[in-house]
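Asks: Turn this into a structure:
(chains A and B)
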Number of protein chains: 2
Amino acid sequence: MNRHFDEELGELKERLLYMASLVESMINYAIKSLVDRKEELIKEVYSHEDEVNKIQVEIDDKCLKLIALHQPAAQDLRFITSAMKINAELERMGDQAVNIADSSVKLLKQPPLKPLIDTPRMSEIVKKMVKDSLDAFVKKDVLLAKKVMATDDEVDGLKDQIFRELLTYMSGDSGNISRALELILISRHLERIGDHSTNIAEDVIFLVEGKDVRHHLGGEI
Amino acid sequence: MNRHFDEELGELKERLLYMASLVESMINYAIKSLVDRKEELIKEVYSHEDEVNKIQVEIDDKCLKLIALHQPAAQDLRFITSAMKINAELERMGDQAVNIADSSVKLLKQPPLKPLIDTPRMSEIVKKMVKDSLDAFVKKDVLLAKKVMATDDEVDGLKDQIFRELLTYMSGDSGNISRALELILISRHLERIGDHSTNIAEDVIFLVEGKDVRHHLGGEI
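Replies: Down below sits the predicted model:
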């Protein structure tokens, strides 16, 4: 391995961290537009999406070139293929933030439905998962990766709770149905962002330990 | 490139096709359990999931070893990294089939809600997308890949239509709400399977043309 290669890996990390920060902002703007009822914040989500899409293509390109030029083996190869996977996860998180923004557009056209319930809290937890999963990748921190994986259960619990509460709300007054439905969908989008963070955390463990923890199969390479 | 390497690429294709056939079966069983109201079919979905998960780990492992041992360049490298991406897409499709099965479990505990509406039709279209996207990959068939991408709009249209019809159904009778909600979620899971097929189709075009058609950015490497 040469110094140039190390520098390129460093740049790759930087780009992924930057992409993650954009995705965090997208989640933030999407939820904030809903909580503060400010439609102008939704535009921010869409403009960030364009940038995330461009960076995704750029990072994939960079990864392929790094493999082709430097023919890395063992952990370096795993690092680059992990970066490609994380790249895809981040882009999909961005798509979910866009889905939330789309729901927010619909909700802001109607009077507010009182209970946003635990949606803002759920979004805070999920943003932290995004940040932590990327930090775990950059620092090769297995403990932090496992913390992200543990948080996923908490997010699933919140999603179920939101679902139950909104279902009651819909049954009580059919005028609430379409708005409550959008809120249920939003909680599903947030849950999916949590899932993507969990996927990244699993990639981190694979990267560091060479052990595949997906599906608890424990295969090693 | 040597003959041994070619054979290994051939095996990789076979495994991906096999994995895709398992995923198609999972979708089939999940929807059929709902249409025929046969709970025993749901077990098939879960047992297939275990197998899909095992194959995913095996394929990823195989891809990394192929890169490390043969240090492929250009189209061969893109083929292997595409295989890794397609592998991940297929596993996620399996997850969505499991989500449908979970909804089916809940729905079969209650009397049938009449309108499955376009759910069975949507599932037929989506299964075809799964099959076509993998065929396009194996045959490096750009036209077929583009056909898959075009079908995605049709699936989105069906999803919106199902949503509107079930919303009316819920508003008409609050006793329908929880069941109609599950059907809405099922249509979302099907839509997502279509999205994964579209991702695969985009990978195929990238593989063959070296052109990144995601987000219509048209970058070339």
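Asks: okay, the helix or strand containing A:Met122 in CSV with CA atoms only?
Replies: Per DSSP states H and E: A:Met122 is located in helix A:119-139. Once non-C-alpha atoms are left out, helix A:119-139 reads as follows in CSV (Å, rounded to 0.1, in the frame of the first residue of the first chain):
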residue,chain,number,x,y,z
THR,A,119,-42.8,11.6,15.3
PRO,A,120,-40.3,14.3,16.2
ARG,A,121,-38.7,12.2,18.9
MET,A,122,-38.5,9.2,16.5
SER,A,123,-36.7,11.5,14.0
GLU,A,124,-34.2,12.6,16.6
ILE,A,125,-33.3,9.0,17.4
VAL,A,126,-33.0,8.1,13.7
LYS,A,127,-30.8,11.1,12.9
LYS,A,128,-28.5,10.0,15.7
MET,A,129,-28.4,6.5,14.2
VAL,A,130,-27.3,7.9,10.8
LYS,A,131,-24.5,9.9,12.4
ASP,A,132,-23.4,7.1,14.7
SER,A,133,-23.3,4.5,12.0
LEU,A,134,-21.1,6.7,9.8
ASP,A,135,-18.8,7.6,12.8
ALA,A,136,-18.5,3.8,13.5
PHE,A,137,-17.5,3.3,9.9
VAL,A,138,-14.9,6.0,9.9
LYS,A,139,-13.4,5.1,13.3
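Asks: how about that helix: buried residues?
Replies: If you call a residue buried by 16 or more other CB atoms under 10 Å in any protein chain shown, then helix A:119-139 has these buried ones: A:119, A:122-123, A:125-137. Bear in mind the C-beta positions are built from the backbone N, C-alpha and C, glycine included.
Asks: What is the neighbour count of A:Arg3?
Replies: Number of residues near A:Arg3 (other CB atoms under 10 Å in any protein chain shown) recorded here: 7.
Asks: low-confidence ranges in chain A?
Replies: Regions of chain A meeting the criterion pLDDT under 70 cover residues A:1-2, A:215-221.
Asks: Tell me the residues of chain A that contact chain B?
Replies: Residues of chain A lying close to chain B by CB under 8 Å from any CB of the partner chain are A:50, A:53-54, A:56-58, A:60-61, A:63-65, A:67-68, A:71, A:73-74, A:77-78, A:81, A:84-85, A:88, A:167, A:170-171, A:174, A:177-178, A:181, A:184-185, A:188, A:212, A:214-215, A:217, A:219, A:221.
Asks: Among the residues you listed, which are located in helices?
Replies: A:50, A:53-54, A:56-58, A:60-61, A:63-65, A:67-68, A:74, A:77-78, A:81, A:84-85, A:88, A:167, A:170-171, A:177-178, A:181, A:184-185, A:188 (DSSP state H).
Asks: quick one on the thing from earlier: farthest-apart pair in the buried residues of helix A:119-139, please.
Replies: Spanning the widest gap among the buried residues of helix A:119-139 are A:Thr119 and A:Phe137, at 27.4 Å by CB to CB.
Asks: Give me the contact list for stretch A:180-190.
Replies: A:27, A:34, A:96-97, A:99-100, A:103-104, A:106-107, A:113, A:116-117, A:119, A:122-123, A:126, A:155, A:158-159, A:162-163, A:166-167, A:169-170, B:167, B:181, B:184-185, B:188 (CB atoms under 8 Å, 6 or more residues apart in numbering or on different chains).
Asks: For PyMOL, what selects the buried ones among the residues you listed?
Replies: A single PyMOL command is used to select the members of the contacts of stretch A:180-190 judged buried by 16+ other CB under 10 Å:
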select buried, (chain A and resi 27+34+96+97+99+100+103+104+107+113+116+117+119+122+123+126+155+158+159+162+163+166+169+170) or (chain B and resi 181+184+185+188)
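Asks: Just the buried ones out of the ones in helices among the residues of chain A next to chain B, please.
Replies: Buried among those (16+ other CB under 10 Å): A:53, A:56-58, A:60, A:63-64, A:67-68, A:77-78, A:81, A:84-85, A:88, A:170-171, A:177-178, A:181, A:184-185, A:188.
Asks: A:Arg78 reaches A:Leu207, doesn't it?
Replies: Yes. Contact criterion CB atoms under 8 Å: A:Arg78 and A:Leu207 qualify, at 5.2 Å.
Asks: burial count for the spatially closest residue to A:Val52 that is not a sequence neighbour?
Replies: Excluding its sequence neighbours, the residue lying closest to A:Val52 (CB to CB, 6 or more residues apart in numbering or on different chains) is A:Gly94, at 4.3 Å. Number of residues near A:Gly94 (other CB under 10 Å) recorded here: 27.
Asks: A:Gly94 belongs to a helix, doesn't it?
Replies: Yes. Assessed with DSSP: H, G, I helix; E, B strand; the rest coil, A:Gly94 lies in a helix.
Asks: Show the contacting residues for it.
Replies: Contacts of A:Gly94 (CB under 8 Å, 6+ apart): A:Leu22, A:Val23, A:Met26, A:His48, A:Glu49, A:Val52, A:Asn53.
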